[in-house]
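Asker: only geometry, no sequence info:
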């Protein structure tokens, strides 16, 4: 059943993104920023955490999940290090994802060259 | 009053220049479209064996010029002027091609209207007796235009259904003071028209009013009517824009349902090729004219053509600042016979 919840929640988040691109003038870059920041806001309001507990990767893998990690890291940073942790915690918590994006992005750029869409 | 002027925006040539030769090169996608049999060269690879698409676009112009020179048995040194332009910053495709061709250059920016802008100025310089041979060129490339105006291809963005597909192609046409036609008899130079459309994914709708304005002005200035032409062809309004243009022209009293089409509609098979609202780019009307329409004129399958290339004169900066899209259209009247 967990798989079903994961699929439904993750899929719903993606459908919202697709609808925003099809139905509004927002570009994919707008949607990216909107989703990450809304993940932060929803986590700060305590709404996203229950969603993660309910759907696991269905909530953490899509873009708002990155915002969730940022917000959660900042909250934990404040608990551990005081106010300075608000600045340190977010990036600390997401450092794995950021470093992986840089490393794999670089590797792919070395291995493949871009081509015109068919 | 100049004796060559008709009305406000039209010139009638006293000694109509002859289009003696053309050259057209297209990319692989255009080479699979319905007009594939009409192009001089179809590339297997849109990088043209070079390491960037910008270099490939420039090479396409150079090779299109060489093809047209070869067909007319002329050398580059016989050409007095090259009138040309493209979509890239500082017209690098055109200027880098002209660097190697060694022909005196007038670089033009008319966005997708460049083909008829170049033909207009070339024709005027020949009828004005300033040159015996000139060449009009323009180009576009899907991947350089995406990088220039939209997003890097690597981002893998989805395209809107109203968006058009930039044609990869270059066209060149040699105009001469002598020769057996087809002849450029009139040109109508467009004004910049802006109906306040700001959706960069719907250029056809933004450009349609400019095409309508120029076509209407052409008929008013010359006293001609749509039935005087076998074919009236706009540049790259695409499927959405050409329908808007047709409707607007009917309201103005010009019914062109029977003899009207658009290069952006003709160049791709939109059902199979997933090009959404049709082809676009300066290369669109350039290759459809130099490849397809020119051959129809030569074979006298059509005897009179009104070619109206349409351009959207926006920049990425103006679009980001929320400005609407100004557009322009230039008409060139071509006949296969002239008495």
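Answerer: Now that the structure is in, tell me what you want to look at. Here the structure is a predicted model, which is why all the values come from computation and not from measurement.
Asker: which parts of chain B sit against chain A?
Answerer: Neighbours of chain A within chain B, by Cβ under 8 Å from any Cβ of the partner chain: B:27, B:29, B:46, B:53, B:142-143, B:151-155, B:157-158, B:160, B:168, B:199, B:201. In this view, the C-beta of every residue, glycine as well, is placed from N, C-alpha and C.
Asker: Now list the buried members of these.
Answerer: B:27, B:29, B:46, B:53, B:142, B:143, B:153, B:157, B:160, B:168, B:201 (16 or more other Cβ atoms under 10 Å in any protein chain shown).
Asker: show me what contacts the fifth one?
Answerer: With contact set as Cβ atoms under 8 Å, 6 or more residues apart in numbering or on different chains, residue B:142 has these partners: A:116, A:117, B:27, B:29, B:46, B:165, B:166, B:167, B:168, B:281.
Asker: now swap in the third one and tell me
Answerer: When contacts are counted by Cβ under 8 Å, 6+ apart, residue B:46 is found next to A:116, B:27, B:28, B:29, B:53, B:56, B:141, B:142, B:143, B:168.
Asker: Tell me the one of these nearest residue B:75?
Answerer: For the contacts of residue B:46, the minimum distance to residue B:75 (Cβ to Cβ) is 24.8 Å, reached by residue B:56.
Asker: do you know how far the closest one is from chain A?
Answerer: 10 Å (Cβ to the nearest Cβ, to the nearest Å).
Asker: repeat for residue B:85
Answerer: Applying Cβ to the nearest Cβ to residue B:85 and chain A gives a distance of 22 Å.
Asker: What sits closest to that residue if chain neighbours are left out?
Answerer: residue B:108 (3.7 Å; Cβ to Cβ, 6 or more residues apart in numbering or on different chains).
Asker: Check whether the one you found really touches residue B:119, as I assumed.
Answerer: No - assessed by Cβ atoms under 8 Å, residue B:108 is found out of contact with residue B:119, at 10.7 Å.
Asker: List the residues that are in contact with both of the two.
Answerer: With Cβ under 8 Å, 6+ apart as the test, residue B:108 and residue B:119 both reach residue B:83.
Asker: Of these two, give the one with the bigger neighbour count.
Answerer: residue B:119 (27 against 23; other Cβ atoms under 10 Å in any protein chain shown).
Asker: so that one is in which element?
Answerer: Residue B:119 belongs to helix B:114-127 when assigned by DSSP states H and E.
Asker: what packs against that helix?
Answerer: strand B:81-85, strand B:133-140, strand B:169-176, strand B:183-188, helix B:282-287, strand B:304-312, strand B:327-335 (3 or more Cβ pairs under 8 Å, 6 or more residues apart in numbering or on different chains; DSSP states H and E).
Asker: what residues are up against residue B:68?
Answerer: B:21, B:22, B:23, B:135, B:172, B:173, B:174, B:290.
Asker: Surely the last one is in a helix?
Answerer: Yes - assigned with DSSP: H, G, I helix; E, B strand; the rest coil, residue B:290 falls within a helix.
Asker: ok, it - contacts?
Answerer: B:22, B:23, B:24, B:64, B:68, B:171, B:172, B:173.
Asker: quick one: which of those is most hemmed in?
Answerer: Of all the contacts of residue B:290, the most densely surrounded is residue B:171 (37 neighbours; neighbours counted as other Cβ under 10 Å).
Asker: Now do the same for the one helix or strand residue B:208 maps to: mean pLDDT, whole number.
Answerer: Using DSSP H and E, residue B:208 sits in helix B:203-222. Per-residue pLDDT over helix B:203-222 has a mean of 96.
Asker: could you give the angle of it to strand B:327-335?
Answerer: 50 degrees (axes from the mean of the first three to the mean of the last three Cα atoms, to 10 degrees).
Asker: Domain map for chain B?
Answerer: Recorded structural domains for chain B (assignment: automatic domain parsing) are B:5-176, B:183-335.
Asker: can I get the contacts of residue B:290 in a markdown table with pLDDT?
Answerer: Shown next, in a markdown table, are the contacts of residue B:290 (pLDDT from 0 to 100):
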| residue | pLDDT |
| --- | --- |
| B:22 | 98 |
| B:23 | 98 |
| B:24 | 98 |
| B:64 | 98 |
| B:68 | 98 |
| B:171 | 98 |
| B:172 | 98 |
| B:173 | 98 |
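Asker: ok, so what distance separates the closest residue to residue B:217 other than its chain neighbours from residue B:19?
Answerer: Ranked by Cβ to Cβ, 6+ apart and with sequence neighbours excluded, the top spatial neighbour of residue B:217 is residue B:9, at 5.1 Å. Separation of residue B:9 from residue B:19 (Cβ to Cβ, to the nearest Å): 22 Å.
Asker: How about the residues of chain A by chain B?
Answerer: Going by Cβ under 8 Å from any Cβ, the residues of chain A near chain B are A:21, A:22, A:25, A:27, A:28, A:29, A:114, A:115, A:116, A:117, A:118.
Asker: By neighbour count, which of those wins?
Answerer: residue A:27 (19 neighbours).
Asker: Contacts only, for that residue.
Answerer: Residue A:27 neighbours (Cβ under 8 Å, 6+ apart): A:21, B:151, B:157.
Asker: so is the second one in a helix, a strand, or just coil?
Answerer: Secondary structure, three-state DSSP: residue B:151 is coil.
Asker: Wait, it touches residue B:157, no?
Answerer: Yes - if you go by Cβ under 8 Å, residue B:151 and residue B:157 touch, sitting 4.9 Å apart.
Asker: Find the residues that touch each one of those two.
Answerer: Contacts common to residue B:151 and residue B:157, judged by Cβ under 8 Å, 6+ apart, are A:27, A:28.
Asker: Would you agree residue B:300 is in contact with residue B:336?
Answerer: Yes - applying Cβ under 8 Å as the test, residue B:300 and residue B:336 come out as touching, 5.3 Å apart.
Asker: the more surrounded of the two?
Answerer: Each of residue B:300 and residue B:336 has its neighbours counted (other Cβ under 10 Å); residue B:336 has more, 19 against 12.
Asker: ok, that one to chain A distance?
Answerer: Applying Cβ to the nearest Cβ to residue B:336 and chain A gives a distance of 36 Å.
Asker: Give me the pLDDT for that residue.
Answerer: 94.
Asker: these two touch, right, it and residue B:304?
Answerer: Yes - judged on Cβ under 8 Å, residue B:336 makes contact with residue B:304 at a distance of 7.4 Å.
Asker: Might you report the residue contacts of the closest residue to residue B:118 other than its chain neighbours?
Answerer: Spatial nearest neighbour of residue B:118, chain neighbours left out: residue B:136 (3.6 Å); criterion: Cβ to Cβ, 6+ apart. By Cβ under 8 Å, 6+ apart, the contact set of residue B:136 is B:82, B:83, B:84, B:115, B:118, B:119, B:121, B:122, B:172, B:173, B:175.
Asker: want to throw the contacts of residue A:27 into TSV with pLDDT?
Answerer: Listed next are these as TSV, based on pLDDT from 0 to 100:
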residue	pLDDT
A:21	89
B:151	77
B:157	77
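Asker: and which of these is nearest to residue A:105?
Answerer: The closest of the contacts of residue A:27 to residue A:105 turns out to be residue B:151 (Cβ to Cβ; 15.8 Å).
Asker: farthest-separated two in the residues of chain A next to chain B?
Answerer: By the measure Cβ to Cβ, A:25 and A:115 form the most distant pair in those, at 28.0 Å.
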